[in-house]
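Novice: What would the 3D arrangement of this be:
(4 chains)
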Protein chains: 4
Amino acid sequence: MLPWETDLAGRLNKDVITSELLRGNPLGDPYERPIWVYTPPGYDGSDERYPTVYMIQGYTGHISMWANRTPYRQPFLETADAVFARGEAPGCVVVYVDAWTAYGGSQFVDSPGTGRYHSYLCDEVVPWVDERYRTRADRDARGIAGKSSGGFGAMITPMLRPDLFGAFATHAGDSLYEYCYIPTFGKAARQLRAYDHDIFRWWAEFQGRVAFTKEEDGNLLMMLGCSACFSAREDATPELPFDPRSGELRPDVWQRWLDWDPVRMIDKYADALRSMRAIWIDGGTKDEWFLDLGAEAFRAGLTRIGVPENRIHFELFDAGHGQIEYRYPLSLAWLATQLSS
Amino acid sequence: MLPWETDLAGRLNKDVITSELLRGNPLGDPYERPIWVYTPPGYDGSDERYPTVYMIQGYTGHISMWANRTPYRQPFLETADAVFARGEAPGCVVVYVDAWTAYGGSQFVDSPGTGRYHSYLCDEVVPWVDERYRTRADRDARGIAGKSSGGFGAMITPMLRPDLFGAFATHAGDSLYEYCYIPTFGKAARQLRAYDHDIFRWWAEFQGRVAFTKEEDGNLLMMLGCSACFSAREDATPELPFDPRSGELRPDVWQRWLDWDPVRMIDKYADALRSMRAIWIDGGTKDEWFLDLGAEAFRAGLTRIGVPENRIHFELFDAGHGQIEYRYPLSLAWLATQLSS
Amino acid sequence: MLPWETDLAGRLNKDVITSELLRGNPLGDPYERPIWVYTPPGYDGSDERYPTVYMIQGYTGHISMWANRTPYRQPFLETADAVFARGEAPGCVVVYVDAWTAYGGSQFVDSPGTGRYHSYLCDEVVPWVDERYRTRADRDARGIAGKSSGGFGAMITPMLRPDLFGAFATHAGDSLYEYCYIPTFGKAARQLRAYDHDIFRWWAEFQGRVAFTKEEDGNLLMMLGCSACFSAREDATPELPFDPRSGELRPDVWQRWLDWDPVRMIDKYADALRSMRAIWIDGGTKDEWFLDLGAEAFRAGLTRIGVPENRIHFELFDAGHGQIEYRYPLSLAWLATQLSS
Amino acid sequence: MLPWETDLAGRLNKDVITSELLRGNPLGDPYERPIWVYTPPGYDGSDERYPTVYMIQGYTGHISMWANRTPYRQPFLETADAVFARGEAPGCVVVYVDAWTAYGGSQFVDSPGTGRYHSYLCDEVVPWVDERYRTRADRDARGIAGKSSGGFGAMITPMLRPDLFGAFATHAGDSLYEYCYIPTFGKAARQLRAYDHDIFRWWAEFQGRVAFTKEEDGNLLMMLGCSACFSAREDATPELPFDPRSGELRPDVWQRWLDWDPVRMIDKYADALRSMRAIWIDGGTKDEWFLDLGAEAFRAGLTRIGVPENRIHFELFDAGHGQIEYRYPLSLAWLATQLSS
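Specialist: Numbering: from 1, shown residues only, chains lettered A, B, ... in the order given. I've put the predicted structure just below:
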């Protein structure tokens, strides 16, 4: 019965990983995390080793949302499987990683505000997978991909750890922060008027009622969460990068955010980027966060530092930020091909 | 690990029903259908009989979407379970019914354009459930609920079959068709300009590419589907209720739609409605299809024909059409209480 | 100094007309009305007689707004003059008519709710002009044009008085009322929630504060005004065509509106329409009131009753409802040419 | 006939000023400029000297637009007159200044890209008025006011020339540039895709067709114009503050813009600001350019440098950026009172 579910040609293994690095995290989030590992058709009957692609979610994305069904489309779990089932690319192990926090995301960084999600991903998840699956445990055979905040994570993780990752795909990944973030600060400053200019008043209220029943919920959640990721104090308190009444940027806090702008990180991590075997960059021309411009700027930066054009796939397509999961199998097939060569 | 999944206090049984009535349906849709039946905590260890509430999906809704997870909210499968686990209402059997078609829905009517979904629900699903579960197989202990097109189905099914259903809940149910449909006709007429004023050209294209990548997809799909449900020719061809170039209403076809407007059906089915034990009506004050007005009009009609006020729960709340699944456990608890008394 | 003003090649005469028909109108609006008459270049030094085109405003349009200046565009007063100054069409007398009321417009009909604006236009303004100017006082040399409600007036006035008008131009004229009006009823019903479902409470408030500082002002004003024009009681009270709580149509009142739908008037006034020498119909493909569909439907109706294609100019263009005054000189040149032949 | 026009209690004198400073401006704009001077009731029969308030237009505003009429509101020419006619404030001379350019505005600065509009205003217009009218030719009796870009001009002109101006009113004045401008850069970068990333291609096209018939016209015009005002090269070529393909900020050019951000100018011009007798700051809480936040930030800056609270009128009101000309008479009355004391 096709519309409702499909049997996979490969196999999806749902497991739990116990993270020592997340134990005692400041938000009291679980240190036992779900992890799903997909092995492609042919894996079970062979002793071949496979490249690996790590998939990470966007902001407010749970691992379990990979299984969500929408009308007239299949979930990525199935379209990814179809890539291999139809022979569009050499088989890969695909790892679905969870990095959720109480604020809705971790941006895949280590932060006193949320926990050590970058280290958890690199130093716990990757070895855990390599121990349990027949992967080619080599940066040249390991990629990472995601959308939105997941695209951001897919950009920065290989920059920080080129020893672990040799390829990545970013779909509408957060970048060029003046465009994707500054307008949201203006909105937040206005939204905070109803909360005496205090985001923690909103947060307290938000936790005590049905979520997302107020227009401001989405934006203020992201604001609090990204502040926790990018500009938390040592005591874990998130600091907003703007004055909550006037919206005026707080230059020192804002600089902490900018230090995480992939476009602005390019020069510092030029060697890492030049070592990548494959970089997929795309975005919708109507992306509500202007991440198509972020994509353009990131691509331009790669060219500037000398990343060869033939290692880059760049594409803008006619879409906004939402409902673009049909792009992921395209990058997966491409990454799988590059990583296998 | 709370954010990702919850163990149910009750039990969810996923099964398949073979429908003779859907066999050979004009769209070639499956006649074997998924069906999920939830039994409340306490069911397994007792021999008590329970009231039943049938849950039906909105347009483009699959049964499997009941399991979709969204951030900071639990799926209805879990919030419904919580109603009973927390003792907010007497236990009920909850039945999740599938009535999907290739056009994205059936409106739960019998139509030459889609199939006999009304009869399937009433004459196949209900007996199937009553045979397999310890239900109180009695219209006074049987309710039906849904949102949007599901709310529509929840209104009309008991009107047509008061022998089977004695209560219902409609959340933003389709009604007052001049408001919910006419503006969509205008949009459709414009959207069809790119398809030579021919919805079948759009349909052919839609089926051959990634769905919902064009702005018109959602509206034209609903247009085609509702025409298949409400105004198909005997040979199954959907007829649009408007001239596809000018948008001018085609009075006879439009009348076939109006005959299915719950607000306009009230007088014809007054006896059925007066026999209902409980009617829940709600809608968001900013509903994009003006279904809050439909709710007001439906309520006014019930009052006009003499349905006692104490059998009606009416409520408008501050929301649009989307993301209102947090309303369903409220009506479920209320229906469960009314059906158990 | 071009951007700020232009000397006309012709001459604009600003005058006042005293209307006996408007004296004692129910809203206490003035019966002395401004009237502007433009004579083309060459008029003064000759004794030639000229065709006449009457220009009427849209809803909430004052005669004085014809002189409003906007950036990078010239007012119609000047672009109309340029048509003749550049020799694009034979000279015409252009008459700017005022039909404002306290509700923002009269729809150019006789109504107990507003006054006898149709008769004033036909039986007072036209003779007044013909007496004072060297016009060809003949229906074959007299046209009328306008946009939006002015386009509506331009359609219905010649239908009612083909003895006076032999040509017209409607730019995004009100028609196909289910599309242009019904959605506004839904909005109004919602907006009236803040006024205890009573439009007269809104009206009282509106008159006592700065206009258009509340979002609902525009829509409710039009609602009240059109009800005064189309469905006033004999005692002048406007009756809404819908229930102010539920939005449900009141069929008898709504029928009074539909009787004024140009698309629905076509058959009754088929002879009048067939007698027209020239009919210009246009509209923007994104018109917020779907008046492009109204234009399509009106054109289709004309074809149906046998108006020859060569007397019709039909055009849809890429625009919404606003800022389309650059279209008027196009129809003026065309009408002037047809009326002169 | 009230709705159409009102006789003024005072007198409006329309004149032309010949500017030596604008002669030979780079855009070939006229150096003879319209200027309107209003004298209050009582002026003519007395020999009293009056304070003066200069009114400047927003972007794309012509002087002649002060006379535009809108429904249910009077133009500022009349509401300003009413302030004095009703005795709400001591009489003032009100000067309507023109500073239009081919790009739609001058931002009231001296620029190689547009001309010396700041100097024209200060060194030509002010003396011209003082010579011809019985003003109190003293900075303590001279104020300036405007909205949007006019509000910007009203902020910066007294900062630069406290010898000439002792008070000002800014309604939704451009400030806090990261919020009002950066999002427009993102939009512009996208809009330029259709013009091969070249704003001069758009400009060439724009000049050859009806203005504002394309969605991008408004934003690109402002982009070009503000670049001409803030970041023109010495040869008059406007330089965009961002890369036209990726939108990436060009730091040096963007800094030239930031140097004109009133919020960022406060410290440099602290003495001038502390010398002001009266400062009115307001903005709509839904201003599309976030100028309510600019207002907040400007106010906070004034407080920081020690401007006494009793010289500041600060107010946010429920509105967007448009249709707020009903605010101007409020600030005029207040300025007139402060300047007269």
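
Novice: Near chain D, which residues of the stretch 51-200 of chain A are found?
Specialist: With Cβ under 8 Å from any Cβ of the partner chain as the criterion, the stretch 51-200 of chain A comes near chain D at residues A:Leu176, A:Glu178, A:Tyr179, A:Ile182, A:Pro183, A:Phe185, A:Gly186, A:Ala189, A:Arg190, A:Arg193. C-betas here are computed from N, CA, C, even on glycine.

Novice: So how do I select the buried members of these in ChimeraX?
Specialist: Only the buried entries of these go into this ChimeraX selection, using 16 or more other Cβ atoms under 10 Å in any protein chain shown:
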select /A:176,178,179,182,183,185,186,189,190
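
Novice: quick one: which of the residues of the stretch 51-200 of chain A next to chain D sit in helices?
Specialist: In helices, defined here by DSSP state H, the members of these are A:Glu178, A:Tyr179, A:Ile182, A:Pro183, A:Phe185, A:Gly186, A:Ala189, A:Arg190.

Novice: Quick one: residues contacting the third one.
Specialist: Contacts for A:Ile182 were tallied using Cβ atoms under 8 Å, 6 or more residues apart in numbering or on different chains; they are A:Leu249, D:Glu178, D:Tyr179, D:Ile182, D:Pro183.

Novice: could you redo the residues you listed as a markdown table and give each row pLDDT?
Specialist: As requested, these are exported to a markdown table (pLDDT from 0 to 100):
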| residue | pLDDT |
| --- | --- |
| A:Leu249 | 98 |
| D:Glu178 | 97 |
| D:Tyr179 | 98 |
| D:Ile182 | 98 |
| D:Pro183 | 97 |
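
Novice: Report the two of the residues you listed separated the most.
Specialist: In the contacts of A:Ile182, two members sit farther apart than any others by Cβ to Cβ. They are A:Leu249 and D:Pro183, at 14.4 Å.

Novice: Any idea which residue of the stretch 151-300 of chain A lies closest to chain C?
Specialist: Of all residues in the stretch 151-300 of chain A, the one sitting closest to chain C is A:Glu215 (15.3 Å; Cβ to the nearest Cβ).

Novice: Skipping adjacent residues, who's closest to that residue in space?
Specialist: Distance criterion Cβ to Cβ, 6 or more residues apart in numbering or on different chains; nearest residue to A:Glu215, sequence neighbours excluded, is A:Gln191 at 7.8 Å.

Novice: again, but for A:Gly225
Specialist: A:Tyr103 (3.4 Å).

Novice: Please apply the same query to A:Val53.
Specialist: With Cβ to Cβ, 6+ apart as the measure, A:Gly143 is the residue that lies nearest to A:Val53, at 4.6 Å, once sequence neighbours are left out.

Novice: Which helix or which strand is home to the closest residue to A:Tyr269 other than its chain neighbours?
Specialist: If the residues on either side of it in the chain are set aside, A:Tyr269 comes closest to A:Met159, at 3.8 Å by Cβ to Cβ, 6+ apart. Taking DSSP states H and E as the definition, A:Met159 sits inside helix A:149-160.

Novice: For that helix, name the packing helices and strands.
Specialist: The elements that helix A:149-160 packs onto, with contact taken as 3 or more Cβ pairs under 8 Å, 6 or more residues apart in numbering or on different chains; DSSP states H and E, are strand A:52-56, strand A:142-147, strand A:167-171, helix A:262-265, helix A:270-274.
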